[in-house]
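In: coords please:
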Amino acid sequence: MISVVLSISLIRILFLKWDVLIITFVFLRIVRLIRINSYFTFTISTSIFLNENLRSFIVFLRIIIIGLSILCTWWIKKLNYLYTLLSLNIFLIIAFSAKRLISFYFFFEASLIPTLILIIVWGYQPERLQAGRYIILYTVFASLPLLVFLLYLYFDKCTSDIYLIKIFNSSIRGVVLLVVILAFLVKLPVFRMHLWLPKAHVEAPLRGSIILAGILLKLGGYGLYLINFCFRIIRLSYINILVRVGSLWGGLMATFICIRQVDVKAMVAYSSVAHISLVVAGIMLNSNWGIVSSKITIVAHGFTSSALFVLANIRYKKVSSRRFNLVRGILSIYPKISILWFIFCRINIAAPPSINLLGELRLIPSLYLFSWRLIIIIGLLMFFRARYNILLYTISNHGASNNLVTPRVSYLSSDFLGLWLHLFPFWMLFKISLFFI
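Out: Sure thing, here's the model as predicted:
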């Protein structure tokens, strides 16, 4: 009799939670296949194809992020929603796998269409139309000069193949460099070109925010890495210096904006701007340590920011509000969620033992060799980033609970599973050689 009851219970679990079980099985297989560095590291015969490492690794991470987004939003099973997500995945796979700059540009821009549909159709607030308009105006118009440059390059060199352009060993500097990287700076985005990002995150559904933070922002970083791979970027050109200093200074300004935020989701979105500034500075330094630092920061930011958006959505489901002053005392009611808030806020600060810390430790010596004054800026950036992350944790979790937070609805197992699986970068500490050139 007991075996029959257990069998029936198991069948019900498999029938009701089949998607969660399948995704869990996939992630367990990923853990067993963590020895992926043997597939992506270089040999003497393939050392010319340096960007194959980052390309393959980002495609691998894309699969993980998409699985996490489906797991954390398992209740959305509309076919139109899944078709939109599928088309976005196809565009991203082709963009990260393209071996011609023209093809990369086309699918780089095509990924905006499913993202725009996700925000406009399944967004939360009436301002989602304005958010979609901001995305189109910022990203499309900033990428038009890049299209002109790629067409000129194609007619001049008679090719747009990445490896052939690398062999030509051309250099870009001055205004041309700014024109080429402007589309990627807006896509990342850097400060002063970031206004579309908070609006898109605030209006997008949870799955849209996870994909936007975990994958789409990596297109900009991968584009900068690709330009750095194909051309010789003059490190001491005035435009390059302006981009590096401006990105770090903009990251510092973004931390000040985070401290003044009253919306949890907007704070997490602005924290992405502070993280991305380190990626731009590392790539534009055009040094080995700077590029490795940018790779590590790209991966760490994708998982950390995605987990914070999941936590913000869990908080929103309880209170139906994202404002700080309406929610307090989660620690006394939901201690498990409070532990996860502490872990991911700590990772966002780049406290040890996190992969974020390794990325920043590799960036600091590169900046110091270029100019010791930049160390002051990045030191202030790290200090104020710790300040707003501590604020994010303490306001929500500590203090006396109010009547808006009630324990009448328990959290689902998929919420906890999705959040714990976001700790994938901790496992990458054992395979840090994946990021080396």
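
In: remind me which residues of the protein are low pLDDT?
Out: 1-57, 124-125, 402-410, 428-437 (pLDDT under 70).

In: For it, which segments count as strands?
Out: 171-172, 232-233 (DSSP state E).

In: Check which helices and strands the helix ranked longest in the chain sits against.
Out: The longest helix of the chain (DSSP state H) is helix 288-319. The criterion is 3 or more C-beta pairs under 8 Å, 6 or more residues apart in numbering; DSSP states H and E, and the helices and strands that helix 288-319 contacts are helix 51-72, helix 206-211, helix 217-230, helix 264-284, helix 335-349, helix 355-370, helix 413-421, helix 424-428. All C-beta atoms are positioned from the backbone trio N, CA, C, and that covers glycine.

In: Go through those helices and name the closest to Ile120.
Out: With C-beta to C-beta as the measure, helix 206-211 is the member of the helices and strands packed on helix 288-319 nearest Ile120 (10.4 Å).

In: Only C-alpha atoms, please: export the closest one in PDB.
Out: Extracted C-alpha coordinates of helix 206-211, given in PDB (Å, rounded to 0.1, in the frame of the first residue of the first chain):
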ATOM      1  CA  LEU A 206      11.100  38.900 -15.200                       C
ATOM      2  CA  ARG A 207      12.200  36.700 -18.100                       C
ATOM      3  CA  GLY A 208      12.900  39.700 -20.200                       C
ATOM      4  CA  SER A 209      15.000  41.200 -17.400                       C
ATOM      5  CA  ILE A 210      17.000  38.000 -17.000                       C
ATOM      6  CA  ILE A 211      17.700  37.700 -20.700                       C
END
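
In: what's it in contact with?
Out: With C-beta atoms under 8 Å, 6 or more residues apart in numbering as the test, helix 206-211 has contacts from 65-66, 68-70, 72-73, 76, 85, 88, 115, 118-119, 122-123, 200-201, 265, 306, 309-310, 313.

In: on that earlier part again, the longest helix of the chain: how far from the chain's middle?
Out: Distance of helix 288-319 from the chain centroid (C-alpha atoms, centre = their mean, to the nearest Å) equals 6 Å.

In: Measure how that helix sits relative to helix 335-349, angle-wise.
Out: If you take axes from the mean of the first three to the mean of the last three C-alpha atoms, to 10 degrees, helix 288-319 sits at 150 degrees to helix 335-349.

In: got the angle for helix 288-319 vs helix 355-370?
Out: Computed by the same axes, to 10 degrees, the angle separating helix 288-319 from helix 355-370 equals 140 degrees.

In: May I see the buried residues of helix 288-319?
Out: 289-316, 318 (16 or more other C-beta atoms under 10 Å).

In: swap in stretch 389-397?
Out: Asn389, Leu391, Leu392, Tyr393, Ile395, Ser396, Asn397.

In: Contacts for that stretch, please.
Out: Contacts of stretch 389-397 (C-beta under 8 Å, 6+ apart): 259, 264, 267-268, 271, 315, 324-325, 327-331, 338, 341-342, 345-346, 348-349.

In: Pro425 reaches Ala300, doesn't it?
Out: Yes: Pro425 lies in contact with Ala300 (C-beta atoms under 8 Å); the separation is 5.1 Å.
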